[in-house]
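Sequence plus the predicted model coming up.
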Amino acid sequence: MRKPLNSTTDGWLCGLAGVLIFSGSLPATRVAVLGLAPLFVTGARAAIAGALAALLLALFRAARPERGEIVPLIVVALGVVVGFPLLTALALRHVSSAHAIVFIGLLPLATAIFGVLRAGERPQPAFWIFSALGSAAVVAFAVRHGVDASPIGDALMLGAIVVCGLGYAEGARLSRRLGGWQVICWALVISLPVMVPLAWWTQPAAFDTVSAAAWWGLAYVSLFSMLIGFVFWYRGLALGGIAGVGQLQLLQPFFGFVLAALVLHETVPPEMIGATAAVIACVAGARRFGRASPVAAVVPRA
């Protein structure tokens, strides 16, 4: 018999593993779209991950979603399989990955809001104060350094954050019944009828003209960002609470900046580091003074 899900250290560790994996998403996407069309990257990553997901579901004979779970799974697919990858791929045509990573600081607040709206969580008032302060630090940085430079890129990133927060919260809510890896796998399979034709129609005219780096970037976002990372992330959100574990996303800009500097040789100005330090301090305060209410124990279906 499976152990009931509850708020434990395991949830935070799984969440941290997911954040570490996701930290490479924007740098890898940036590398991929330098040699491949954003629409192709979006379709191909979902098609590759979807094929692997279908194989996993068949091998483990996963239970099929119930009728009432189909619409929520479609919401997850629209948010994290289609919306976030597409909007970030388009945004990275206008801004650097280091710049885009700063917007990830808004994800904890977006995820927490949708956690309240969709999962019924009720964090304490202090939680919202620190979350809002952290988000304000990110927005202040974006207004000062990004909006004037590329309004289109920043608007696309803001849209990506909204749809991703919804997809995270909806997926975490479903994970308490279906299980984390089953949720992302079913969402990917649902997306296949759209994403496979998209990848086919937008494929490059000549594959041999695409750099190896672009293919490696596509491989990373297909295998890790689109599938493996979500296995850890949804489990972490389901075990530790959407609002609470979601605050770990404020560590993602820091890890992402390091990767952007090491892999892409992008310059990370002191202001970016300062903004990241501010939001990390805010999430620390949110954890100390605004702990979310505990998550009800449930057992995922076999």
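That came through, no problem.

show me where the stretch 201-302 of the chain has helices.
If DSSP state H, counting those that start in this stretch is used as the criterion, the helices of the stretch 201-302 of the chain fall at 212-220, 229-240, 242-246, 252-263, 270-289.

Out of the ones you listed, indicate the one that is most buried.
Of all the helices of the stretch 201-302 of the chain, helix 242-246 has the most neighbours on average by mean count of other Cβ atoms under 10 Å, namely a mean of 31. The way it works is simple: take the backbone N, C-alpha and C, and place the C-beta from them, glycine included.

Run the chain-centre distance for that one.
The chain centroid and the centroid of helix 242-246 are separated by 13 Å under Cα atoms, centre = their mean, to the nearest Å.

any residues touching it, and which ones?
Here helix 242-246 makes contact (Cβ atoms under 8 Å, 6 or more residues apart in numbering) with 7, 11-12, 15, 107-108, 111-112, 114-116, 119, 121, 123, 127, 168-169, 172-173, 236-237, 239, 287, 291-292.

How about stretch 57-70?
With contact meaning Cβ under 8 Å, 6+ apart, stretch 57-70 is reached by 56, 73, 174, 177-179, 182, 185-186, 189-190, 301-302.

Might one say that residue 93 is in contact with residue 32?
No. Using Cβ atoms under 8 Å, residue 93 is not in contact with residue 32; the gap is 11.3 Å.

Between those two, which is the more surrounded one?
Neighbour count, other Cβ atoms under 10 Å: between residue 93 and residue 32, residue 32 has more, with 30 against 15.

how about the contacts of stretch 57-70, which pair is most distant?
Spatially, the most separated pair among the contacts of stretch 57-70 is 190 and 302, at 21.0 Å (Cβ to Cβ).

Comparing these two, which residue is more hemmed in?
Per other Cβ under 10 Å, whichever of residue 190 and residue 302 has more neighbours is residue 190, with 20 against 9.

Now the more buried one. Nearest residue, chain neighbours left out?
Spatial nearest neighbour of residue 190, excluding adjacent residues (Cβ to Cβ, 6 or more residues apart in numbering): residue 77 at 5.1 Å.

give me every residue that touches residue 139.
Residue 139 neighbours (Cβ under 8 Å, 6+ apart): residue 106.

I misspoke; the intended subject was residue 166.
75, 79, 110, 114, 118 are the contacts of residue 166 under Cβ under 8 Å, 6+ apart.

that's a strand at the second one, yeah?
No. When classified by DSSP: H, G, I helix; E, B strand; the rest coil, residue 79 is found to be helix rather than part of a strand.

What is the burial count for it?
23.

That one touches residue 170, doesn't it?
Yes. Residue 79 lies in contact with residue 170 (Cβ under 8 Å); the separation is 6.8 Å.

coming back round to it: now, the contacts of residue 166 that are in helices?
75, 110, 114, 118 (DSSP state H).

Once you drop chain neighbours, what's closest to the second one?
The spatially closest residue to residue 110, leaving aside those adjacent along the chain, is residue 165, at 2.8 Å (Cβ to Cβ, 6+ apart).

Quickly find the element holding that neighbour.
If you go by DSSP states H and E, residue 165 is part of helix 151-178.

Quick one: low-confidence residue ranges for the stretch 101-250 of the chain.
For the stretch 101-250 of the chain, applying pLDDT under 70 flags the ranges 142-149.

Run the chain-centre distance for stretch 213-222.
With Cα atoms, centre = their mean, you get 17 Å for stretch 213-222.

ditto for stretch 27-44
16 Å.

Now do the nearest residue to residue 103 once chain neighbours are set aside against residue 87, distance only.
Using Cβ to Cβ, 6+ apart and skipping the chain neighbours, the partner closest in space to residue 103 is residue 157 (4.2 Å). In this view, residue 157 and residue 87 are 7 Å apart by Cβ to Cβ, to the nearest Å.

do the same with residue 203
Taking Cβ to Cβ, one finds residue 203 at 21 Å from residue 87.

which one of those two has more residues nearby?
residue 87 (22 against 15).

The closest residue to the more buried one other than its chain neighbours: what's it in contact with?
Among residues not flanking residue 87 along the chain, residue 160 sits closest, at 3.7 Å (Cβ to Cβ, 6+ apart). If a contact means Cβ under 8 Å, 6+ apart, then residue 160 has 83-84, 87-88, 91, 103 as its contacts.

which of those tops the neighbour count?
residue 88 (31 neighbours).

Measure how far the helix or strand that one falls within is from the centre of its chain, please.
Secondary structure assignment for residue 88, by DSSP H and E: helix 84-91. Offset of helix 84-91 from its chain centre (Cα atoms, centre = their mean): 12 Å.

What of stretch 220-233?
Taking the mean of its C-alpha atoms, stretch 220-233 sits 9 Å from the chain's own mean (Cα atoms, centre = their mean).
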